[in-house]
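# Quick one: sequence and predicted model below, then my questions.
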Amino acid sequence: MPTNRQIILDTVPTDKLTPGHFRQSEGPMPSPADGELLLKTRIVSIDAAARAWMQGPTYRPAVLAGDVMAGYGLAEVVESRSPAFRPGDLVFVETGWQDYSVQPASAATKAGSAEPLSHLISIYGVAGLTAYFGLLECGQPKAGETVLVSAAAGAVGSIVGQIAKIKGCRAVGIAGGADKCAILTDELSYDAAVDYKAFGEDLRSLGRAVAEACGGGANVYFDNVGGSMFDVAMFCMANQGRVVCCGSLASYDGPRRGVMTVPGLVVVKRLTLKGFIVTDYYGGRDAAVAELKGWVESGQLKVREDVIDGLENLPDALIGLLAGGNIGKRMVKVA
Ligand SMILES: NC(=O)c1ccc[n+]([C@@H]2O[C@H](COP(=O)([O-])OP(=O)(O)OC[C@H]3O[C@@H](n4cnc5c(N)ncnc54)[C@H](OP(=O)(O)O)[C@@H]3O)[C@@H](O)[C@H]2O)c1
């Protein structure tokens, strides 16, 4: 009889997330009822937003103390009580941080296949689709324009810049560290990269460096970070620019903050801000995956992945990602 290891959120953090907020336990082997699936977790996606889920409800319910830590990923159907799935099918689903789970068949989406399998989580999964729809549908970039991207070496950012280049734009990335910046320009098609960590708290100098890298101003800002980086980016925008509000990494790992005000530069520069959740665009998912596949197979788009082995390493994988330890899409291979 297999065991079901689970990582539990033991206490809800009020400041930085640490390994002490989690504990590992052994849960019962779940059993599916009619319309449900017994699933074996294969790969868990590590998402910075998982830290935000601990702060309260977002686009999903909050994760509470005592819950199996939430997480999305790729699972294999072990037993199906639904005619729509068969044992062996691979599905996208909320696996949670555990070896096995039972989910309603209606919550699972067939994942198809890819070589390597990890691409189903990175380029053909949420990261790739967020970059694709966020940039193309919300940012509406035109050839010759400049696209500025924060957290540019992360899962989403590493793809946004490359799509911008494929569309004939100039791509400027902001990332933490000289090594990440070198990868952006040497491997991931970015025209220029700015290491924000080199400027410490000196946001004025950072703003000048980003503005210089953007040349005549950024027409699109793909915002993964929020916080003070948002202010820096506003300083670098061209008039009539578009801001794609994708996420706010700066506010996930720490105490909850107050309400953000819209900076005056949004008004002065007549900017348009567009927020989105990737699932809003899932009607176009198959076509998007087909186009991404074409770019990957032709070598126009490179996929960076950061794969860690072992369920027991999930807490450190998330904590490390929040500290900037990843390049490209981080995930944990469970089985
Ligand atoms: N709207 C949607 O539907 C949707 C879907 C998926 C993801 N998202 C959002 O998209 C954003 C990017 O996600 P992702 O999966 O690409 O992230 P990721 O790969 O998990 O990126 C993590 C990176 O963010 C940077 N970072 C962390 N804290 C930061 C801070 N305080 N300030 C600046 N940079 C920080 C770090 O890189 P550095 O070393 O460069 O600091 C870290 O390596 C997130 O905000 C996420 O929530 C949105």
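Thanks, I have the structure now.
# Show me which residues of this structure sit near the ligand.
Taking C-beta under 6 Å from any ligand atom as the test, the list of the chain residues beside the ligand reads 47-49, 126-127, 130, 151, 153-157, 175-177, 180, 224-225, 229, 246-250, 276-278, 321-322, 324, 326. All C-beta atoms are positioned from the backbone trio N, CA, C, and that covers glycine.
# Any regions of the stretch 201-335 of the chain where pLDDT drops low?
257-261 (pLDDT under 70).
# Near the residue in it positioned nearest to the ligand, how many other residues are there?
Of the stretch 201-335 of the chain, the residue with the smallest distance to the ligand, taken as C-beta to the nearest ligand atom, is residue 247 at 1.8 Å. Residues lying near residue 247 (other C-beta atoms under 10 Å) number 23.
# Could you pull up phi and psi at it?
Geometry field for residue 247 lists phi and psi as phi -170, psi 170, criterion degrees, to the nearest 10.
# residue contacts, it?
Under the criterion of C-beta atoms under 8 Å, 6 or more residues apart in numbering, the contact partners of residue 247 comprise 48-49, 151, 156, 223-226.
# Put together CSV for the residues you listed, with neighbour count on each row.
Formatted as CSV, the contacts of residue 247 follow (neighbours: other C-beta atoms under 10 Å):
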residue, neighbour count
48, 22
49, 16
151, 27
156, 26
223, 25
224, 26
225, 26
226, 20
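# Sitting in strands, which of the residues you listed do you find?
Applying DSSP state E to the contacts of residue 247, the entries found in strands are residue 223.
# Can I get the contacts of residue 247 in a markdown table including distance to residue 69?
Listed next are those as a markdown table, based on distance: C-beta to C-beta, whole Å:
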| residue | distance to residue 69 |
| --- | --- |
| 48 | 14 |
| 49 | 13 |
| 151 | 22 |
| 156 | 21 |
| 223 | 27 |
| 224 | 22 |
| 225 | 24 |
| 226 | 24 |
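# can you give me the strands in the stretch 201-335 of the chain?
218-223, 237-245, 272-275, 305-309, 329-333 (DSSP state E, counting those that start in this stretch).
# partners of residue 220 in the sheet?
Following DSSP bridges, residue 220 is listed with bridge partners residue 147, residue 242.
# now do residue 79
Applying DSSP bridges to residue 79 yields these beta-bridge partners: residue 38.
# Isn't it up against residue 37?
Yes - under the criterion of C-beta atoms under 8 Å, residue 79 lies in contact with residue 37, with a separation of 7.1 Å.
# Tell me which of the two has more neighbours.
residue 37 (27 against 14).
# List only those of the residues of the chain next to the ligand flagged as buried.
When burial is judged by neighbour count using 16 or more other C-beta atoms under 10 Å, the buried members of these are 47-49, 126-127, 130, 151, 153-157, 175-176, 180, 224-225, 229, 246-250, 278, 321-322, 324, 326.
# Inside helices: which ones of these?
Among those, the subset assigned to helices under DSSP state H consists of 49, 126-127, 130, 157, 180, 229, 321-322.
# Generate CSV for those, with distance to residue 57 as supplementary columns.
Rendered in CSV, the data for these read as follows (distance: C-beta to C-beta, whole Å):
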residue, distance to residue 57
49, 13
126, 19
127, 23
130, 20
157, 26
180, 32
229, 25
321, 22
322, 20
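# which stretches of this protein form helices?
Ranges of helices within the chain are 49-53, 126-133, 157-166, 178-186, 203-214, 227-236, 264-268, 285-297, 314-322, based on DSSP H.
# Can you say which of the strands of the stretch 201-335 of the chain is packed in most?
Of all the strands of the stretch 201-335 of the chain, strand 218-223 carries the top mean neighbour count, a mean of 28, counting by mean count of other C-beta atoms under 10 Å.
# Other residues contacting it?
Contact partners of strand 218-223, identified using C-beta under 8 Å, 6+ apart, comprise 134-135, 139-142, 145-150, 157, 160, 164, 169, 172, 229-230, 233-234, 236-238, 240-248.
# before we move on, what about stretch 100-118?
Residues from elsewhere that reach stretch 100-118, judged by C-beta under 8 Å, 6+ apart: 2, 4, 29-33, 35-43, 74-75, 77-78, 80-82, 84-85, 89-95, 120, 124, 305, 307, 329, 331, 333.
# Separate out the buried members of those.
Buried by 16+ other C-beta under 10 Å: 4, 32, 36-43, 74-75, 77, 80-82, 85, 89-93, 95, 120, 124, 305, 307, 329, 331, 333, out of the contacts of stretch 100-118.
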